[in-house]
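Participant: Fold the following.
(one chain, ligands or ions: 2)
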Amino acid sequence: GPAHLKGEDASHQEPGQSCQPAAAELWLWLWHVPRARPGHWGVPTPGGLRRQLPLGDVLRVGSSPGGLGQLGVGLAKLLRKRFGKNNVILSDIRKPADNVFYSGPFIFADILDYKNLREIVVNNRITWLFHYSALLSAVGEANVPLARAVNITGLHNVLDIAAEHNLRLFVPSTIGAFGPTSPRDPTPDLCIQRPRTIYGVSKVHAELMGEYYHYRYGLDFRCLRYPGIISADSQPGGGTTDYAVQIFHDAIKTGKFKCYLRPDTRLPMMYIDDCLKATLEVMEAPAETLTMRTYNISAMSFTPEELAQEVQKYVPELQMTYNVDQVRQAIADSWPMNFDDSNARRDWGWKHDYDLPELVTTMFSYLGSDSRIAQAN
Ligand SMILES: NC(=O)C1=CN([C@@H]2O[C@H](COP(=O)(O)OP(=O)(O)OC[C@H]3O[C@@H](n4cnc5c(N)ncnc54)[C@H](O)[C@@H]3O)[C@@H](O)[C@H]2O)C=CC1
Ligand SMILES: CC(=O)[C@H](N)C(=O)O
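Facilitator: Ligands and ions are numbered 1, 2, ... in the order given. Prediction:
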């Protein structure tokens, strides 16, 4: 491992560099931590996989910094279902809500505090790490120094810790890792990547650094480029694709939605369950099936106009207006319109479950399409 790098890198983890992120910034860390539960530390187990493993090899899935964001809480839930409640540690720098706090181990961890990260990995014998902390595209443009610190220095910390402690590391990338000179319809895995946001630049850096550590040090680095993710029970953290979540809330609450992107802006999108399923699947895939370490994943692509038409099936009186935000429009215009994920489908059997109609049905069944009518009466 790159332990020799540690001395040189110590300077980038000074506590003084721990920026104070705004409220919208969350870091999720999920660790699978062994606790006094059946199968762990000699506690008898009634059966199953863990009994067959030697004690020292009990699966401990790691953590995911940035865990309280749009995706982290759902990922923790999925991992806990798969590996056991106490085997996954969620972490962030924000205070968790009651339901999160009482759903399994939660700790404070700042991605910029290298020593603390190392302590967590060592003390809990972490084996897998899902690194979710980041500033997304729009908030990143609003605070470039902080985005650079969290998305780039944070990534360096995680890479070194993962290589040093032999962790399996998942880092999400994004459609935002492409730019105006990339082929946009469709966008393949391997093509020109010259993004013009700090978010995109930091994600290309993460892809390249992770792959470099894989080839140079044998780090088990796995990366998926997510489309815009749509979820019902968690709010997006300041991206360009957020409108596709907000439209559901506004349609139900007010019957009106003001969209900050032009009606014809086509972007790849995905329902959260598909995104988290892909994440677990690629982490569990046998190493020999992976011909690459960074894969596009895709489910659907739509424009605001097309999404509105589908939403109107549930809220027919929805009034959609447009007030274009130049920053986010310029970002969206430089991103893929359709995402080619044929390598993921071929190598490890990726398959999405939700297309646009199923997505909209599911969102309304969670959020309750009749709540506005109920309020009106
Ligand atoms: N949500 C989406 O549509 C997509 C997300 N992704 C990636 O997935 C990951 C998770 O995204 P979301 O949950 O949507 O982001 P989010 O913005 O909702 O959450 C990010 C979390 O990082 C935390 N954080 C910020 N600074 C931190 C620090 N110094 N230490 C620890 N935690 C810190 C924040 O408190 C926040 O809870 C990110 O890496 C993002 O780039 C990629 C493509 C699409
Ligand atoms: C697609 C993403 O990475 C994110 N949702 C954003 O819009 O910044």
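Participant: what's the distance between the one helix or strand Ala147 maps to and the middle of its chain?
Facilitator: Using DSSP states H and E, Ala147 sits within helix 144-148. With C-alpha atoms, centre = their mean, to the nearest Å as the basis, helix 144-148 stands 18 Å off its chain's centre.
Participant: as a whole number, average confidence for the very next helix or strand once past that helix?
Facilitator: With elements assigned by DSSP H and E, the helix or strand that comes after helix 144-148 is helix 154-164. On average, the pLDDT along helix 154-164 is 98.
Participant: What's the first helix or strand after helix 154-164?
Facilitator: Toward the C-terminal end, the helix or strand that comes next after helix 154-164 (DSSP H and E) is strand 168-174.
Participant: immediately after that following strand, which helix or strand?
Facilitator: The first helix or strand that comes after strand 168-174 along the chain, using DSSP H and E, is helix 198-217.
Participant: Could I get the phi/psi values of whatever residue of the stretch 101-250 of the chain ends up closest to ligand 1?
Facilitator: Using C-beta to the nearest ligand atom, the single residue of the stretch 101-250 of the chain nearest to ligand 1 is Gly237, 2.1 Å away. The way it works is simple: take the backbone N, C-alpha and C, and place the C-beta from them, glycine included. Here is the backbone geometry of Gly237 (degrees, to the nearest 10): phi -100, psi 20.
Participant: what do you get for Ile107?
Facilitator: Main-chain torsions, Ile107, degrees, to the nearest 10: phi -140, psi 160.
Participant: Give me the distance from stretch 256-275 to the chain's centre.
Facilitator: 17 Å.
Participant: any bit of that stretch sitting next to ligand 2?
Facilitator: No. Using C-beta under 6 Å from any ligand atom, stretch 256-275 stays clear of ligand 2, coming no nearer than 7.7 Å.
Participant: In that stretch, which residues are buried?
Facilitator: Residues of stretch 256-275 classed as buried: 257, 259-261, 265-275 (neighbour count, 16 or more other C-beta atoms under 10 Å).
Participant: Of all pairs in those residues, which one is the farthest apart?
Facilitator: Tyr260 and Asp273 (25.9 Å; C-beta to C-beta).
Participant: Okay, now the unreliable bits of the stretch 251-377 of the chain?
Facilitator: Low-confidence segments of the stretch 251-377 of the chain, defined by pLDDT under 70: 369-377.
Participant: the strands in it, which residues?
Facilitator: Secondary structure of the stretch 251-377 of the chain (DSSP state E, counting those that start in this stretch): strands at 256-259, 267-271, 294-296, 300-302, 319-322.
Participant: who does the helix or strand hosting Arg222 touch, helix- and strand-wise?
Facilitator: Assigned by DSSP H and E, Arg222 belongs to strand 220-226. With contacts taken as 3 or more C-beta pairs under 8 Å, 6 or more residues apart in numbering; DSSP states H and E, strand 220-226 sits against strand 168-174, helix 198-217, helix 272-284, strand 294-296.
Participant: now the helix or strand that that strand is followed by, how far from the chain's geometric center?
Facilitator: Once the chain leaves strand 220-226, the next helix or strand it forms, by DSSP H and E, is strand 228-230. Mean-position distance between strand 228-230 and its chain equals 10 Å (C-alpha atoms, centre = their mean).
Participant: cool, stretch 133-140 as well?
Facilitator: 11 Å.
Participant: could you check whether that stretch is close to ligand 1?
Facilitator: Yes. Using C-beta under 6 Å from any ligand atom, stretch 133-140 reaches ligand 1 at Ser133, Ala134, Leu136.
Participant: Then stretch 213-233?
Facilitator: Yes. Contact of stretch 213-233 with ligand 1 (C-beta under 6 Å from any ligand atom) involves Tyr226, Gly228, Ile229.
Participant: ok, of those residues, which one's closest to Met209?
Facilitator: Using C-beta to C-beta, those come closest to Met209 at Tyr226, 18.1 Å.
Participant: Need the per-residue pLDDT for the closest one.
Facilitator: Tyr226 carries a pLDDT value of 98.
Participant: go on, Pro65?
Facilitator: Listed pLDDT for Pro65 reads 70.
Participant: Look at it and say how many residues are nearby.
Facilitator: By the criterion of other C-beta atoms under 10 Å, Pro65 has 34 neighbours.
Participant: I figured it hits Ile89, correct?
Facilitator: No. Pro65 lies out of contact with Ile89 (C-beta atoms under 8 Å); the separation is 10.5 Å.
Participant: so what's the residue of the chain found nearest ligand 2 up against?
Facilitator: The chain approaches ligand 2 most closely through Gly239 (2.4 Å), counting by C-beta to the nearest ligand atom. Contacts for Gly239 (C-beta atoms under 8 Å, 6 or more residues apart in numbering) come out as Leu136, Ser137, Ala138, Val139, Gly176, Gly228.
Participant: which SS class is Leu112?
Facilitator: Following DSSP: H, G, I helix; E, B strand; the rest coil, Leu112 is assigned to coil.
Participant: you'd agree it is up against Leu155?
Facilitator: No. Using C-beta under 8 Å, Leu112 is not in contact with Leu155; the gap is 10.8 Å.
Participant: Residue numbers of the stretch 151-300 of the chain in contact with ligand 1?
Facilitator: With C-beta under 6 Å from any ligand atom as the criterion, the stretch 151-300 of the chain meets ligand 1 at residues Pro172, Thr174, Tyr226, Gly228, Ile229, Pro236, Gly237, Gly239, Thr241.
Participant: quick one: which of the residues you listed has the most company?
Facilitator: Tallying neighbours with other C-beta under 10 Å puts Thr174 at the head of those, with 30 neighbours.
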